[in-house]
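# sequence first, then the predicted structure:
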Amino acid sequence: MSHLDAPTAPRREDRLGACIEFGGGVGEIREPFCQGCLKNRRRLFSQGTICQLLPAIAILTSLKDTVVVVHGAVGCGGAAHALGANVRLGQWRSGDKNPRGALWISTNLSERDVTTGGEERLREAIVEADRRHRPEAIVILSACVPGIIGDDIEGVARDLKNRVGAALLPVHCEGFKTKIMATAYDAIFHSFLRNLIDGRDESEFPVWDDEGARAREAIRRKRLVNLMNVSSMTGPDLAELRRLLGKLGLEANVIPCDVDPEAFRRAPLASLSVGVCPTHDDYFMSRLLEKFGVPYVCSRMPIGIENTGVWLRAVAGKTGTDHLVEGVVKAEEAELELALAPLRPKLLGKKVMLSAGEVRTLATANMCAELGLEVLAVRPYHYDQFGEPEVERLGKVAPGARLNVATAQPFEAVNILRRVEPDLYIGHNSDNVWAAKCGPAVLPIYGSNFVYSGYAGVFEVARRAVMHLANSSFNQNLAKNVRQPYRRDWYAQDPFKYIKDGGRAA
Ligand code: SF4
C-alpha cells in the first residue's frame, strides 16, 4: 500500500525513526540510531519546541496565486506575520514584479467551536477566500483543534469542489501529532500529490499536430529537471544552482517555494527530480517516482566543496551528461581555490559551533572543516538516516566534536557554548541570539540576500566568516553585560543531563 492511499502522511518518528534527543560525541550517534534506541528518548525538562505549522506556513504562504486558510485558533497562523517581507522578496526574485505576498486567512476557532465543530466556519472561510482572491489553489491547513475535535477537512473540500474555482488542498498539519517539525514537508507534499498533481499533459503544448514542435518539446523535456528549493534556500542560492545545472545543459522547474501551482503540475513531465536536501525532498521525490515514474537524485546537500561535486556528479549520472561534469567541477574548484586563497589563513584553526536543520547544519560543519576551521560542536534540530553520511564525514574530520540533537533547548546550547568557547557560531537567528550573548562572532546560516549553496556559497560563507571574526567586540561586550537566565551551577552540570537514557558531559 502506498502512503498516498491514506489521507495523511505518516509522522517522521514512524516513517524514519527520527529523533530530537541526543547528546554525546559525533561518533556515538550512529549505533544507537541504527538500533532504534533513540526513538524512545525523552527530555525530562524541555525549554521549548517548534510546531510543524511554522515550516508549513513558510512554504505555503510563499506560493503564488494561492490562499492559505489556517483552520485553527487564530494564534496558529501568527508566524505568517513575521514571514511577510521574505515572502514578497522570494516572489519578486522568482520573476513576479508585483508580488501579492502571503495570502492567508484564519478560521479563528473559538471555545464554542470546540464543542459545536469548526466545519461551518471552514466552509465560510474557503468561499470567502475564493471570492476575494480568485486564486488558483486554496490550501486548508489544519491545526491542532480541528484534529482534536475531528473536523472532516477532506469532506469539506469534497463538498465545495464544485462551488469554488480554486483547487482545494487539505493539509493535515496538527502540531500535537509530531515532535519533528520536518513532518510538515511530507504533509504538504502528500496533499499536493493527491489533489493537485494529476500528470495531465495539456497546458503548455497546444501544437501537437506540428511534428517540429513535438520534437522540440521532447528535447526540452529531456533537459527539464525538477529542482527542489527548500524554504531556507535564498534567491542567490537558486541562481547558483541554476547556473551549475545550466553548465550541464539542464533547465530547472523549481518547486515548491515561490512558485505558482502550475509548477507542481509540470513536475511529472520532468526527466529527473533533483533534491537539494534529503530531509526536505525525499517524500515528494520518492512519491513522484512511485506515481509518475520520475526518477530522482538526492545524494548530498550542495553546501561545501566536496558536496557540490557529489551533487553535480549525481545529476550528471542520471541525465547523460557525465562527459561534461568533470570539466565543470575541475574548473569551478580551481576558480574557487583562487578566490579562497587570501581567506584561508584567516580561518585556519578558528573554532566553530553550529546549529540548524539536520542536513544543513551537518553539511555546513563539513564545509567549515574544508575551510580549515575546527568544528567543536554541532546541534542539528533532529536526526534520522539522512544525517548519517554527513555525520560519518564529520567523524573523520572532527572526531572530537560534540553532537547535540535538539529542537530549540537553548539551555543546552548555552551550556555547551560556555564549555567549548568557539570563535564563531553559525546558526539560525533564533539560536544566534543566545550565542551572541556568550561572546563569539555570529554568522547567520540563512539570510535571504546571501548565497550558501554551490561553489559561490563556499566563497561567500568564507568571506563573511572572515569579516565577522575580524571584530566580535560587540558580542564580547554583550557577554560581559547581559545575564543569561540560568543559575551559575547549571554550567557545571552535564548539558545533556535531562535527556533520558543518554548523554555524556561535553
Ligand atoms: S501546536 Fe497546535 S495550537 Fe500550537 S501553533 Fe501548532 S497547530 Fe497551533
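Now that the structure is in, tell me what you want to look at. Numbering: from 1, shown residues only.
# show me which residues of this structure are close to the ligand?
By Cβ under 6 Å from any ligand atom, the part of the chain that sits against the ligand consists of Cys51, Leu53, Gly72, Ala73, Cys76, Ala143, Cys144, Glu174, Gly175, Phe176. Any C-beta I mention is one placed from the backbone N, CA and C, and that applies to glycine too.
# just the buried ones from those residues?
Cys51, Leu53, Gly72, Ala73, Cys76, Ala143, Cys144, Glu174, Gly175 (16 or more other Cβ atoms under 10 Å).
# any chance of a markdown table for the residues you listed, columns secondary structure and pLDDT?
Formatted as a markdown table, those follow (DSSP: H, G, I helix; E, B strand; the rest coil; pLDDT from 0 to 100):
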| residue | secondary structure | pLDDT |
| --- | --- | --- |
| Cys51 | coil | 95 |
| Leu53 | helix | 95 |
| Gly72 | coil | 97 |
| Ala73 | coil | 95 |
| Cys76 | helix | 94 |
| Ala143 | coil | 97 |
| Cys144 | helix | 97 |
| Glu174 | coil | 96 |
| Gly175 | helix | 95 |
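# pick the one among these closest to Ala218.
Leu53 (41.9 Å; Cβ to Cβ).
# quick check: buried residues in the longest helix seen in the chain?
The residue-count maximum for a helix in the chain (DSSP state H) belongs to helix 322-340. Neighbour counts using 16+ other Cβ under 10 Å place Val325, Val328, Val329, Glu332, Glu333, Leu336, Leu340 of helix 322-340 among the buried residues.
# distance of the fourth one relative to the ligand?
I take that to be Glu332. 42 Å (Cβ to the nearest ligand atom, to the nearest Å).
# distance of that residue relative to Ile303?
Glu332 is 14 Å from Ile303, where distance means Cβ to Cβ, to the nearest Å.
# need the strands for the chain, in chain order.
22-25, 66-71, 104-106, 137-142, 167-172, 224-229, 251-256, 272-274, 296-297, 351-356, 374-380, 402-405, 424-427, 441-444 (DSSP state E).
# elements contacting the last one?
Meaning strand 441-444. Identification of packing neighbours for strand 441-444 by 3 or more Cβ pairs under 8 Å, 6 or more residues apart in numbering; DSSP states H and E yields strand 424-427, helix 429-436, helix 454-470.
# whichever residue of the stretch 51-200 of the chain sits closest to the ligand: what's it in contact with?
When scored by Cβ to the nearest ligand atom, the stretch 51-200 of the chain has Gly175 as its residue closest to the ligand, at 2.5 Å. Gly175 is in contact with Cys51, Gln52, Leu53, Cys76, Ala143, Cys144, counting by Cβ atoms under 8 Å, 6 or more residues apart in numbering.
# which of the residues you listed sits closest to Arg243?
Gln52 (32.8 Å).
# quick one, what contacts the closest one?
Cys173, Gly175, Lys177, Thr178, Ile180, Met181, Ala182, Thr183, Ala184, Ala187.
# how about 6 Å then?
Cys173, Gly175, Thr178, Met181, Thr183, Ala184 (Cβ atoms under 6 Å, 6 or more residues apart in numbering).
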